[in-house]
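Chemist: Please work out how this folds:
(one chain, ligands or ions: 1)
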Amino acid sequence: MIEVGILSLQGDVSEHVFAMKSAMKKMALSGEVVEVKTKDQLKVLNGLIIPGGESTTQGKLISKYGLGIEIKKLVDREVPIMGTCAGLILLGEDNRNSLGLMNIKVRRNAFGRQRESFEADLRIPKLGKKLYHAVFIRAPVIKEVGDDVEILAEYNGRIVMAQQDKLIAVAFHPELTPDLRIHRYFLGLLKK
Ligand code: GLN
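Modeler: Here you go, the predicted structure:
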């Protein structure tokens, strides 16, 4: 049985819980999806999602509760971690409160004020030919990637999804659309 955690300090947690449960069901995986707030809960996970929300707030709470070290231990154990939107910012290396888990440089609120939120159809070859309808909310972009980072999607020439080993950074909100392919792709990493 697998246990996937959604980091539940702040942000859109319940949407990720719902999407993850649905994806597990579709893949006939037996397991649990838990809202994670403590070090002990982190220790036993087989996968972790860091959700969208406010990266500054989440980062402060991660350090207040001393969770960063346990999250880093998950990376050492090759436990998959996916950060979406604010979660992507936390996975990166160059914002205040970032955990520096991935070799990516990130620009917060990269689409500016007038376009704080928009939707776009993306080509994500790893997910198949069908375009992926993505919801961007005050989204970041990845400005630079290290050699060990694979770019999975771009929007207007800007990197919006990338992977480094079992770490996935997503600039948009896969939990807000009924398309479960990103959650399923993430669960696919658990089994390998
Ligand atoms: N702009 C937010 C931040 O910097 C992220 C937005 C989101 O997660 N929807 O934390």
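Chemist: Pretty sure E150 sits against Q163.
Modeler: Yes - the criterion here is Cβ atoms under 8 Å, and E150 meets it with Q163 at 4.9 Å. Any C-beta I mention is one placed from the backbone N, CA and C, and that applies to glycine too.
Chemist: Between these two, point out the one with more neighbours.
Modeler: Taking neighbours as other Cβ atoms under 10 Å, E150 and Q163 compare with Q163 leading, 22 against 12.
Chemist: And the more buried one, what's its pLDDT?
Modeler: Per-residue confidence for Q163 comes out at a pLDDT of 98.
Chemist: Please give me every residue in contact with it.
Modeler: Residues in contact with Q163 (Cβ atoms under 8 Å, 6 or more residues apart in numbering) are V149, E150, L152, A169.
Chemist: And these, which is closest to the ligand?
Modeler: A169 (12.1 Å; Cβ to the nearest ligand atom).
Chemist: Double-check that the closest one belongs to a helix.
Modeler: No - A169: not assigned to a helix; according to DSSP: H, G, I helix; E, B strand; the rest coil it is strand.
Chemist: Verify the contact between it and A86 for me.
Modeler: No - with contact defined as Cβ under 8 Å, A169 does not count as touching A86 (11.2 Å).
Chemist: So for those two, which sits in the more crowded spot?
Modeler: More crowded of A169 and A86, by other Cβ under 10 Å: A169, with 31 against 25.
Chemist: Quick one, grab the pLDDT at that one.
Modeler: At A169, the model reports a pLDDT of 98.
Chemist: how about the residues of the protein near the ligand?
Modeler: G52, G53, E54, S55, C85, A86, I89, R108, N109, I137, R138 (Cβ under 6 Å from any ligand atom).
Chemist: ok, now which ones touch the first one?
Modeler: With contact set as Cβ under 8 Å, 6+ apart, G52 has these partners: G11, D12, T84, C85, A86, G87, I137, H173, E175.
Chemist: same deal with the fifth one?
Modeler: With Cβ under 8 Å, 6+ apart as the criterion, the residues that contact C85 are P51, G52, G53, I137, R138, A139, P140, V170, A171, F172, H173.
Chemist: what about L9, how many neighbours?
Modeler: Neighbour count for L9, taken as other Cβ under 10 Å: 21.
Chemist: how close does it get to R158?
Modeler: L9 sits at a distance of 28 Å from R158 (criterion: Cβ to Cβ, to the nearest Å).
Chemist: go on, I182?
Modeler: Per Cβ to Cβ, I182 is found 18 Å from R158.
Chemist: Understood, closing this out.
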